[in-house]
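Student: Sequence and predicted structure, then a few things I'm wondering about:
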Amino acid sequence: METPLRRLARLIAHAPLNLVAAAERSSVYERHVFEAAAVGRLLAPAPGSRWLDLGTGGGLPGLALAVVYPDVSWTLVDATQKKIRAVAGFADDLGLQNVVAVHGRAERLAHEARFRGQFSGVVSRAVAPLPTLAELARGFLGDGGELAAVKGPTWAEELSAAQTALRMLHLEFSTAREVPETVRATWLVTMRATGRPPVGYPRRDGLPRQQPLGRPAT
Ligand code: SAH
């Protein structure tokens, strides 16, 4: 019988949208879904907690995590409406009761009362360099919340470039662990939030990416 993770890989691979590069269609399970599940083992989210996948795209890592952790509530956010529709369809197909797919930009959603400071964790893969990602994510995190960024081999440079941003956002570096048994070298970098999200962050649409915190204005 097909496992739910295999089914998820098949759904992503066969979606009419280009959710993964064409060359990777045949290896969605090995390259993407398996990696997401391996990330989940490092995250070990607490049962009953609320997590958000920022920039979920075709549902990674959020949908794989929702399969592996059915007792955790997963909010999957993306700025592209058609991706969110696809993700909501996959969640239905898989019978997942613990997934909410939300269309919108983090710059706006993170200021809405229903989301601001409401999450124990934010996970994100392949969305933005750390200074930008930290700003996009922090608004969602409550006191003690965890930002978990799935990164490639550049994680250490990104982390050093993010020091000022982390300070401004009341985030503290916690761990950087290599994710075992992935096809590509992958790290999980975690940061912990202290207190409520600082007022005014994230800044308006596009600024976190165009003018990352801590980079001198040019
Ligand atoms: N996490 C997925 C997709 C990565 S592509 C994966 O690893 O396969 C990056 C995604 O982030 C895109 O789908 C894009 O729409 C989304 N994104 C980028 N900036 C965003 C923002 N500010 N708010 C919400 N989503 C954003």
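Tutor: Looks like it arrived, so ask away. Residues are numbered from 1 along each chain as shown.
Student: low-scoring stretches of the protein, by residue?
Tutor: Within the chain, the stretches with pLDDT under 70 are 22-23, 216-218.
Student: The ligand contacts on the protein?
Tutor: 55-58, 60, 77-80, 83, 105-107, 125-127, 136 (CB under 6 Å from any ligand atom). For every residue, glycine as well, the C-beta is placed using N, CA and C.
Student: From those residues, keep the buried residues only.
Tutor: 55-58, 60, 77-79, 83, 105-107, 125, 127, 136 (16 or more other CB atoms under 10 Å).
Student: Among those, name the ones in helices.
Tutor: 83, 106-107, 136 (DSSP state H).
Student: so where do the strands sit in the chain?
Tutor: Taking DSSP state E as the test, the strands found in the chain are 50-54, 73-78, 99-103, 119-125, 141-151, 171-178, 187-193.
Student: quick one, the last one and strand 141-151 angle?
Tutor: Compare the direction of strand 187-193 with that of strand 141-151 by axes from the mean of the first three to the mean of the last three CA atoms, to 10 degrees and you get 160 degrees.
Student: any residues touching strand 187-193, and which ones?
Tutor: Residues outside strand 187-193 that contact it (CB atoms under 8 Å, 6 or more residues apart in numbering): 39, 42-43, 130, 134, 138, 141-153, 155, 158-159, 166, 169-179.
Student: Adjacent strands (with direction) for it?
Tutor: Applying DSSP bridges, strand 187-193 is found paired with strand 141-151 (antiparallel), strand 171-178 (antiparallel).
Student: Now tabulate those in CSV and tack on distance to R31.
Tutor: Output for these, formatted as CSV (distance: least, CB to CB, whole Å):
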stretch, distance to R31
strand 141-151, 13
strand 171-178, 16
